[in-house]
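Q: pasting the structure only:
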């Protein structure tokens, strides 16, 4: 699709959004992504509110998260081979059935085993709209500088979703009714998904690869295993940090402020992403990715030194400044590593890896908090940060070679 001309002096975000159809598919993708920050916590609040069991709520939420984590890359692969509309329309039907069945079964007080199949359907059929929006940007924009800005915009939308979603879900489930957050999330998924798939003009075409590379899995491409492990570690930072922050706030008698502190972290990341996307860089993406990841270990180590929630909020805001730019660069680096015929699947692996890591981090940190308090949870965060830093530094040459190729 041809790009529209834009003045160099114009706002870079307005410039990319002026691309024909871009504002529509980006907005629809943002709405379709709301469930990714609402379904997990919404399921916990619904099941706990209706059944009175945090343990059961955690198991149902884990089934949802794991189903999405393991099946989203497969959906991405099907999208690359068959097209977005062909795959996403049936997936939307399955997702609606899964979420509707899960809500209905919970309201009726069905046994836990009845909830699990619906949780698998709901989680496994969601896919990754973030990767599919980025695939549309990749098709719509030929200028790497403008594509960088578009990716930065989408990462900032991701951060905004994670600022608004949990607060909205918590408010609905506690002030209206336990299932209401899941109802709103399901509505957003269906409406946003339909608005996205009906936009045929901006849908990227299916790219048929050469026969010798057609069946090569994305995960086996040189550099991709490292990227997956690094993003799993980054997800562990997010998941463990959330649990440890809530525990830390509760120890100080201010549990209600934990959401504000976490929102400050996401705000720092979002602002950094918008600023990063407004600039153009000539240095290789691999170098910028290594630099960004190298700050994670030292940055999250400061969490252990915070004596109060206000200091923790400041430290988290500063640490958050490195997150969105690093994820933006990571998405660009992954794009450099794969062919167009595998782009959706490859970008899905980024989000999936972060999701798997967040689930692992929350689980491990929760066990450590129960055993030894909030500081033990933050140690999980620090460990994940240093693992990501050291692994990236060790693989720097491989990432640079693969990106250059």
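A: In hand now; what should we look at? For clarity, every value in this text was computed on a predicted model and none was experimentally measured.

Q: for this protein, give me the ranges with low pLDDT.
A: Counting by pLDDT under 70, the chain has low-confidence residues at 1-9, 54, 208-216, 255-256, 340, 404-405.

Q: can I see the domain layout of it?
A: Domain ranges of the chain: 11-206, 212-405, per automatic domain parsing.

Q: for the shortest one, what is the distance to the chain centroid?
A: By that I understand domain 212-405. Offset of domain 212-405 from its chain centre (Cα atoms, centre = their mean, to the nearest Å): 10 Å.

Q: about what we covered before: turn the domains of the chain into CSV, including mean neighbour count.
A: Heads up, the C-betas are built off the backbone N, CA and C, glycines and all. Shown next, in CSV, are these (neighbours: other Cβ atoms under 10 Å):
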stretch, mean neighbour count
domain 11-206, 20
domain 212-405, 20
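
Q: which stretches in the stretch 251-400 of the chain count as helices?
A: Using DSSP state H, counting those that start in this stretch, the helices of the stretch 251-400 of the chain run over residues 258-277, 285-294, 296-301, 309-320, 323-337, 343-372, 374-394, 396-404.

Q: residue 44: which of the ones you listed is closest?
A: Proximity to residue 44 (Cβ to Cβ) singles out helix 343-372 among these, at 10.6 Å.

Q: report the inter-axis angle for the closest one versus helix 374-394.
A: Relative orientation of helix 343-372 versus helix 374-394 (axes from the mean of the first three to the mean of the last three Cα atoms, to 10 degrees): 140 degrees.

Q: tell me what angle helix 343-372 forms with helix 323-337.
A: Using the same axes, to 10 degrees: helix 343-372 against helix 323-337 is 140 degrees.

Q: from the contact counts, what lies against helix 343-372?
A: helix 54-82, helix 129-140, helix 224-251, helix 323-337, helix 374-394 (3 or more Cβ pairs under 8 Å, 6 or more residues apart in numbering; DSSP states H and E).

Q: now do the last one: which elements does it pack against?
A: Just to be clear, that refers to helix 374-394. Counting by 3+ Cβ pairs under 8 Å, 6+ apart, helix 374-394 packs on helix 224-251, helix 285-294, helix 296-301, helix 343-372.

Q: hmm, back to that, distance to residue 314 added to the helices and strands packed on helix 343-372, as a markdown table?
A: Output for the helices and strands packed on helix 343-372, formatted as a markdown table (distance: least, Cβ to Cβ, whole Å):
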| stretch | distance to residue 314 |
| --- | --- |
| helix 54-82 | 30 |
| helix 129-140 | 29 |
| helix 224-251 | 13 |
| helix 323-337 | 16 |
| helix 374-394 | 15 |
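
Q: those helices: which one's closest to residue 274?
A: helix 323-337 (8.1 Å).
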